[in-house]
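*Asks:* Provided below for reference: sequence and predicted model.
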Amino acid sequence: MSGHSKWSTIKRQKGANDAKRGAIFTKLGNAITISVREGGGGDPNFNFKLRLMMDKARSVNMPKENIARAIDRGLGKGDGVVLENVVYEGFAPHGIAVLVDVVTDNKNRASGEIRNIFHKAGGNLGSTGSVSYLFKKFGEIKIGKTVTANEALEKAMDAGAEDFFEDEDYVVYTTPETLHQVKVALETAGMPITFAGLVFVPNKETVVNIEDPVQAESVLNFLDSLEESDDVQNVYSNLG
């Protein structure tokens, strides 16, 4: 499976200052609201998408009241703001394919901002379907390295995982349909889960010249700019 390279797992940490924490909470709140609307209600026991987002929110210490407000907004009890989930597709500098997962209350604003980021970087924002065929959706589960690789691998395979590799955490891939059951099985087996969610994994990676700092930096700066946009939830690329 593609997606195991050093580039594909680079994470740019947001930091712990108040402004950045506020931005993270806003993005997570929007994601929770969307998961309530699209996942079947405000009860995490019956809405797996919501349960995943709540787990993610708790992992960054998002206050309970923020989570509750986001759920209420998804149930139509909030401020009346209507959120939309949109995925933009395009090519970064040097031909890197990119999917940009956006949740926004103003599609025109978000579209203009994403287009501007692509334009400034010398990339190209494409139409629907122009890039998505280069990716496949998987469930992704990360296991903390408080257990051995052999233990994690054995439990993951027993639980029905599709693939397993080692990075900063142990990473397990599942089908989207089996993500929940694999996660529950790993938790039951005592595995320390640090993340669980749906992700887009490239079918084939595009390699940039890492010996050329200008080329590598231009792509990473572009991906950073997308991730820092207020409406952007996730950025996926086939950078290899």
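*Replies:* Nice, thanks for sending it over.

*Asks:* Surely N234 is within a strand?
*Replies:* Yes: under DSSP: H, G, I helix; E, B strand; the rest coil, N234 falls within a strand.

*Asks:* Any idea what it is bridged to?
*Replies:* On the basis of DSSP bridges, N234 is bridged to D101.

*Asks:* For F135, see how far away it is.
*Replies:* 12 Å (Cβ to Cβ, to the nearest Å). Using the backbone N, CA and C atoms, a C-beta is placed for each residue, glycine as well.

*Asks:* Restrict the lengthiest helix in the chain to CA atoms and write it as CSV.
*Replies:* Across the chain, the longest stretch assigned as helix under DSSP state H is helix 18-39. Extracted in CSV, the C-alpha atoms of helix 18-39 (Å, rounded to 0.1, in the frame of the first residue of the first chain):
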residue,chain,number,x,y,z
ASP,A,18,-4.1,30.2,22.8
ALA,A,19,-4.6,31.5,19.2
LYS,A,20,-3.6,28.2,17.7
ARG,A,21,-5.5,26.2,20.2
GLY,A,22,-8.6,28.3,19.4
ALA,A,23,-8.2,27.5,15.7
ILE,A,24,-7.9,23.8,16.4
PHE,A,25,-11.1,23.9,18.6
THR,A,26,-13.0,25.8,15.9
LYS,A,27,-12.1,23.3,13.3
LEU,A,28,-12.9,20.4,15.5
GLY,A,29,-16.2,22.0,16.5
ASN,A,30,-17.2,22.3,12.8
ALA,A,31,-16.2,18.7,12.2
ILE,A,32,-18.3,17.6,15.1
THR,A,33,-21.3,19.6,13.8
ILE,A,34,-21.0,18.0,10.3
SER,A,35,-20.6,14.5,11.8
VAL,A,36,-23.9,15.0,13.7
ARG,A,37,-25.7,16.1,10.5
GLU,A,38,-24.2,13.5,8.2
GLY,A,39,-23.6,10.6,10.6
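
*Asks:* What is it packed up against?
*Replies:* Here helix 18-39 touches helix 48-59, helix 64-74, strand 97-104, strand 232-237, going by 3 or more Cβ pairs under 8 Å, 6 or more residues apart in numbering; DSSP states H and E.

*Asks:* Now that S237 has come up, it's in contact with V201, right?
*Replies:* No: look at S237 against V201 with Cβ atoms under 8 Å: they stay out of range, at 10.7 Å.
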